[in-house]
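J.: got a predicted structure plus its sequence, pasted below:
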Amino acid sequence: MPIVSIAGKKVYFAHVPKCAGTAIELYLEKQFGPLAFRDGQFYRRPQRRRWTRSSPQHVDAEAISVLFPDGFFDASFAVVRSPVARIVSAFRFQRDIEGTVGADVSLAGWLEKVHRKRNTSPWQFDNHTRTMDEIVPQGARCFRLEDGLDAVVAWLQDLAGPGHDLPLQIEPRNVLDKRLEFEGKPVRPVVPNQEELALIAKHYAADYTRFGYDTATGRPLAL
(Lines give C-alpha, C1' and ligand atoms only; values in the text may rest on other atoms or scores of the structure.)
Protein backbone atom coordinates (compact mmCIF):
# COMPACT_ATOMS: atom_id res chain seq x y z
CA MET A 1 0.00 0.00 0.00
CA PRO A 2 2.43 2.69 -1.06
CA ILE A 3 1.63 6.20 0.15
CA VAL A 4 2.60 9.15 -2.00
CA SER A 5 2.30 12.90 -1.56
CA ILE A 6 0.71 14.61 -4.58
CA ALA A 7 0.31 18.40 -4.43
CA GLY A 8 0.15 18.24 -0.64
CA LYS A 9 -2.40 15.41 -0.64
CA LYS A 10 -1.79 12.04 1.01
CA VAL A 11 -2.67 9.41 -1.62
CA TYR A 12 -2.87 5.69 -0.96
CA PHE A 13 -2.28 3.22 -3.79
CA ALA A 14 -3.82 -0.16 -2.96
CA HIS A 15 -1.33 -2.41 -4.72
CA VAL A 16 -3.17 -5.57 -5.80
CA PRO A 17 -0.52 -8.17 -6.71
CA LYS A 18 -0.37 -9.14 -10.40
CA CYS A 19 -2.20 -5.98 -11.52
CA ALA A 20 0.59 -3.74 -12.87
CA GLY A 21 1.41 -2.58 -9.35
CA THR A 22 5.17 -2.41 -9.85
CA ALA A 23 4.79 -0.26 -12.97
CA ILE A 24 2.49 2.14 -11.13
CA GLU A 25 4.78 2.33 -8.09
CA LEU A 26 7.75 3.24 -10.28
CA TYR A 27 5.68 5.82 -12.14
CA LEU A 28 4.53 7.40 -8.87
CA GLU A 29 8.04 7.46 -7.47
CA LYS A 30 9.51 9.04 -10.59
CA GLN A 31 6.84 11.75 -10.76
CA PHE A 32 6.24 12.54 -7.10
CA GLY A 33 9.24 11.31 -5.11
CA PRO A 34 9.92 8.43 -2.70
CA LEU A 35 6.98 6.33 -1.60
CA ALA A 36 6.14 5.57 2.02
CA PHE A 37 4.93 2.21 3.36
CA ARG A 38 6.82 0.29 0.70
CA ASP A 39 9.66 -2.13 1.35
CA GLY A 40 11.43 -3.50 -1.71
CA GLN A 41 13.80 -5.54 0.50
CA PHE A 42 11.09 -7.30 2.51
CA TYR A 43 11.68 -10.80 1.14
CA ARG A 44 15.46 -10.52 1.23
CA ARG A 45 15.31 -10.62 5.02
CA PRO A 46 15.03 -13.88 6.98
CA GLN A 47 11.45 -14.55 8.03
CA ARG A 48 12.28 -14.01 11.69
CA ARG A 49 13.28 -10.42 10.89
CA ARG A 50 10.14 -9.48 8.92
CA TRP A 51 7.85 -7.19 10.84
CA THR A 52 4.60 -8.22 9.14
CA ARG A 53 3.07 -11.30 7.49
CA SER A 54 3.05 -9.64 4.06
CA SER A 55 5.16 -6.92 2.50
CA PRO A 56 3.70 -3.48 3.30
CA GLN A 57 2.96 -2.81 -0.37
CA HIS A 58 0.58 -5.80 -0.45
CA VAL A 59 -1.23 -5.08 2.81
CA ASP A 60 -4.93 -5.93 3.06
CA ALA A 61 -7.70 -3.39 3.59
CA GLU A 62 -8.60 -4.65 7.09
CA ALA A 63 -5.05 -3.98 8.30
CA ILE A 64 -5.16 -0.51 6.75
CA SER A 65 -8.37 0.27 8.64
CA VAL A 66 -6.59 -0.62 11.89
CA LEU A 67 -3.36 1.26 11.16
CA PHE A 68 -4.78 4.47 9.65
CA PRO A 69 -7.76 6.41 11.01
CA ASP A 70 -10.75 7.30 8.85
CA GLY A 71 -10.06 10.40 6.78
CA PHE A 72 -6.27 10.10 7.04
CA PHE A 73 -5.86 9.82 3.25
CA ASP A 74 -7.05 12.52 0.89
CA ALA A 75 -7.51 9.99 -1.92
CA SER A 76 -6.96 6.31 -2.67
CA PHE A 77 -6.93 4.23 -5.83
CA ALA A 78 -6.29 0.74 -7.15
CA VAL A 79 -5.87 -1.13 -10.42
CA VAL A 80 -7.70 -4.44 -10.66
CA ARG A 81 -7.70 -7.22 -13.24
CA SER A 82 -9.78 -10.14 -14.43
CA PRO A 83 -9.71 -12.73 -11.63
CA VAL A 84 -8.89 -15.38 -14.25
CA ALA A 85 -5.90 -13.52 -15.70
CA ARG A 86 -4.69 -12.52 -12.25
CA ILE A 87 -4.81 -16.01 -10.73
CA VAL A 88 -3.26 -17.62 -13.80
CA SER A 89 -0.44 -15.08 -13.53
CA ALA A 90 -0.01 -15.80 -9.81
CA PHE A 91 0.09 -19.55 -10.49
CA ARG A 92 2.67 -19.20 -13.25
CA PHE A 93 4.78 -16.89 -11.07
CA GLN A 94 4.88 -19.47 -8.28
CA ARG A 95 5.57 -22.32 -10.71
CA ASP A 96 8.06 -20.69 -13.09
CA ILE A 97 9.78 -18.01 -10.97
CA GLU A 98 9.45 -18.89 -7.29
CA GLY A 99 9.50 -22.65 -7.79
CA THR A 100 6.91 -23.36 -5.09
CA VAL A 101 4.74 -25.38 -7.50
CA GLY A 102 5.84 -28.58 -9.21
CA ALA A 103 5.90 -28.71 -13.00
CA ASP A 104 3.22 -31.42 -12.99
CA VAL A 105 0.78 -29.57 -10.70
CA SER A 106 -2.39 -28.33 -12.41
CA LEU A 107 -3.97 -24.94 -11.85
CA ALA A 108 -7.01 -26.69 -10.33
CA GLY A 109 -4.88 -28.70 -7.90
CA TRP A 110 -2.97 -25.59 -6.84
CA LEU A 111 -6.14 -23.55 -6.36
CA GLU A 112 -7.71 -26.16 -4.11
CA LYS A 113 -4.56 -26.32 -1.98
CA VAL A 114 -4.39 -22.53 -1.75
CA HIS A 115 -7.96 -22.21 -0.60
CA ARG A 116 -7.77 -25.04 1.91
CA LYS A 117 -5.18 -22.87 3.67
CA ARG A 118 -7.05 -19.60 3.20
CA ASN A 119 -8.42 -19.33 6.74
CA THR A 120 -5.20 -20.35 8.48
CA SER A 121 -2.78 -18.57 6.16
CA PRO A 122 -4.54 -15.69 4.39
CA TRP A 123 -1.18 -13.95 3.70
CA GLN A 124 0.28 -16.86 1.71
CA PHE A 125 2.35 -15.93 -1.33
CA ASP A 126 2.53 -12.31 -0.11
CA ASN A 127 -1.22 -11.88 -0.72
CA HIS A 128 -0.86 -12.82 -4.41
CA THR A 129 -3.79 -15.20 -4.01
CA ARG A 130 -5.93 -13.03 -1.75
CA THR A 131 -9.11 -11.61 -3.22
CA MET A 132 -8.88 -8.11 -4.64
CA ASP A 133 -11.95 -7.27 -2.57
CA GLU A 134 -9.93 -7.91 0.60
CA ILE A 135 -7.09 -5.63 -0.55
CA VAL A 136 -8.90 -2.63 -2.04
CA PRO A 137 -10.58 -0.39 0.57
CA GLN A 138 -14.17 0.59 0.05
CA GLY A 139 -14.32 4.03 -1.52
CA ALA A 140 -11.04 3.72 -3.43
CA ARG A 141 -11.11 4.82 -7.07
CA CYS A 142 -10.76 1.60 -9.06
CA PHE A 143 -9.40 1.17 -12.57
CA ARG A 144 -9.51 -2.06 -14.56
CA LEU A 145 -6.28 -3.08 -16.25
CA GLU A 146 -8.20 -4.25 -19.32
CA ASP A 147 -9.43 -0.69 -19.87
CA GLY A 148 -5.85 0.60 -20.09
CA LEU A 149 -3.95 2.89 -17.74
CA ASP A 150 -4.65 6.20 -19.48
CA ALA A 151 -7.47 6.86 -17.03
CA VAL A 152 -5.05 6.36 -14.12
CA VAL A 153 -2.74 9.02 -15.54
CA ALA A 154 -5.66 11.41 -16.05
CA TRP A 155 -6.83 10.87 -12.46
CA LEU A 156 -3.33 11.50 -11.11
CA GLN A 157 -3.04 14.59 -13.29
CA ASP A 158 -6.21 16.00 -11.75
CA LEU A 159 -4.72 15.47 -8.29
CA ALA A 160 -1.37 17.01 -9.28
CA GLY A 161 -2.89 20.07 -10.91
CA PRO A 162 -1.80 22.11 -13.94
CA GLY A 163 1.68 22.83 -12.59
CA HIS A 164 2.79 19.21 -12.94
CA ASP A 165 2.59 17.75 -16.46
CA LEU A 166 2.67 13.97 -16.16
CA PRO A 167 3.93 11.57 -18.85
CA LEU A 168 0.93 10.13 -20.65
CA GLN A 169 2.03 6.50 -20.45
CA ILE A 170 2.85 4.15 -17.59
CA GLU A 171 5.56 1.84 -18.90
CA PRO A 172 5.02 -1.91 -18.28
CA ARG A 173 7.35 -3.43 -15.69
CA ASN A 174 7.96 -6.92 -14.34
CA VAL A 175 6.06 -8.58 -17.20
CA LEU A 176 6.19 -12.33 -16.56
CA ASP A 177 6.85 -13.59 -20.09
CA LYS A 178 9.60 -11.01 -20.66
CA ARG A 179 11.20 -11.92 -17.34
CA LEU A 180 11.18 -15.61 -18.22
CA GLU A 181 12.75 -14.89 -21.61
CA PHE A 182 15.40 -12.67 -19.98
CA GLU A 183 16.24 -15.42 -17.49
CA GLY A 184 16.40 -18.03 -20.26
CA LYS A 185 13.43 -19.99 -18.92
CA PRO A 186 10.67 -21.51 -21.05
CA VAL A 187 7.44 -19.57 -21.44
CA ARG A 188 4.61 -21.99 -20.61
CA PRO A 189 1.18 -20.35 -20.93
CA VAL A 190 -1.77 -21.70 -18.98
CA VAL A 191 -5.27 -21.80 -20.48
CA PRO A 192 -7.83 -22.63 -17.77
CA ASN A 193 -10.33 -25.37 -18.53
CA GLN A 194 -14.00 -25.19 -17.52
CA GLU A 195 -13.33 -26.78 -14.13
CA GLU A 196 -10.64 -24.22 -13.37
CA LEU A 197 -12.76 -21.31 -14.55
CA ALA A 198 -15.51 -22.51 -12.21
CA LEU A 199 -13.08 -22.80 -9.30
CA ILE A 200 -11.79 -19.27 -9.83
CA ALA A 201 -15.37 -17.97 -10.05
CA LYS A 202 -16.21 -19.79 -6.81
CA HIS A 203 -13.20 -18.66 -4.78
CA TYR A 204 -13.13 -15.09 -6.14
CA ALA A 205 -16.86 -14.42 -6.41
CA ALA A 206 -16.57 -11.09 -4.57
CA ASP A 207 -14.08 -9.81 -7.15
CA TYR A 208 -16.34 -10.61 -10.10
CA THR A 209 -19.26 -8.80 -8.47
CA ARG A 210 -17.48 -5.75 -7.11
CA PHE A 211 -15.21 -4.97 -10.06
CA GLY A 212 -17.41 -6.00 -12.98
CA TYR A 213 -16.26 -9.27 -14.53
CA ASP A 214 -18.25 -12.03 -16.21
CA THR A 215 -18.41 -15.11 -13.98
CA ALA A 216 -18.33 -17.53 -16.92
CA THR A 217 -15.29 -16.12 -18.74
CA GLY A 218 -13.62 -13.61 -16.44
CA ARG A 219 -13.87 -10.93 -19.10
CA PRO A 220 -14.74 -7.35 -18.09
CA LEU A 221 -18.38 -6.35 -18.25
CA ALA A 222 -19.57 -3.10 -19.76
CA LEU A 223 -19.86 -0.43 -17.05
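T.: Yep, that arrived.

J.: how about residues contacting stretch 33-47?
T.: For stretch 33-47, contacts defined as C-beta atoms under 8 Å, 6 or more residues apart in numbering pick out 1-5, 25, 28-29, 50, 55-57, 59, 126. (Each C-beta comes from the backbone N, C-alpha and C, glycine too.)

J.: wait, which of those is closest to Val84?
T.: Taking C-beta to C-beta as the measure, Asp126 is the one of the contacts of stretch 33-47 closest to Val84, at 20.3 Å.

J.: separate out the buried members of the contacts of stretch 33-47.
T.: 1-4, 25, 28, 55-57, 59, 126 (16 or more other C-beta atoms under 10 Å).

J.: now those residues in CSV, with pLDDT and secondary structure?
T.: As requested, these are exported to CSV (pLDDT from 0 to 100; DSSP: H, G, I helix; E, B strand; the rest coil):
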residue, pLDDT, secondary structure
Met1, 71, coil
Pro2, 88, coil
Ile3, 92, strand
Val4, 94, strand
Glu25, 92, helix
Leu28, 95, helix
Ser55, 73, coil
Pro56, 72, helix
Gln57, 78, helix
Val59, 83, coil
Asp126, 81, helix
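
J.: most widely separated two among those?
T.: Longest span within the buried ones among the contacts of stretch 33-47, C-beta to C-beta: Val4 and Asp126, 20.8 Å.

J.: check the contacts of stretch 33-47 and tell me the two furthest apart.
T.: Greatest spatial distance among the contacts of stretch 33-47 (C-beta to C-beta): Ser5 and Arg50, at 26.3 Å.

J.: tell me where the chain has helices.
T.: In the chain, the segments counted as helices under DSSP state H are 21-32, 61-67, 83-92, 107-116, 132-135, 150-160, 176-182, 194-203, 205-211.
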